[in-house]
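> Compute the structure for the input listed below.
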Amino acid sequence: MQKIRNRVLISLFLSVLCLPFAQATTSTAQEIQHLFEFISQSDCIFIRNHTEYPAKEARDHMQTKYDYAKRWVGSAEQFIERIAAKSSISGNRYQVRCQGQLLYSDNWLKQELERYRASQAIGQQTTAH
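Numbers count the residues shown, from 1 in each chain. Have a look, this model is predicted:
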């Protein structure tokens, strides 16, 4: 009985060690920081659970979620999917209203992430020459 209990405890301990804790790299942290800045500097209205919020409040909400869950975020894509796409309570997707267009926040942020990465790649090519 003691051997079985010890094996179970060792198995539990080892399984906890294998949990997918993500570690954001420097470039990932910079990308996520850029997305936070992009959100807060936008003139968009954020819709969360059918309630509208100004950009600053949306950014603060996402920062709070990120601060709590960042150990599970290892990339900017995971940030978008796990933090900025939908309510973790209701499951409702976040939306943004920008310049008269209604978009899902994850699509909007993925588009900005692509634009940001392209601008970074161009900047690196310029400094390499």
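
> Quickly find the element holding residue 39.
helix 26-41 (DSSP states H and E).

> Which elements pack onto that helix?
When contacts are defined as 3 or more CB pairs under 8 Å, 6 or more residues apart in numbering; DSSP states H and E, helix 26-41 packs onto helix 55-69, helix 76-79, helix 105-128. For glycine as for every other residue, the C-beta is placed from the backbone atoms N, C-alpha and C.

> which of those helices is buried the deepest?
Across those, the average number of neighbours (mean count of other CB atoms under 10 Å) peaks for helix 76-79, which reaches a mean of 21.

> which other helices and strands contact that helix?
helix 26-41, helix 105-128.

> The same query, at a cut-off of 6 Å, please.
Applying 3 or more CB pairs under 6 Å, 6 or more residues apart in numbering; DSSP states H and E, we find helix 76-79 packed against helix 26-41.

> could you give the angle of the helix it packs on to helix 55-69?
Per axes from the mean of the first three to the mean of the last three CA atoms, to 10 degrees, the angle that helix 26-41 makes with helix 55-69 is 150 degrees.

> Nice, that's everything, thank you.
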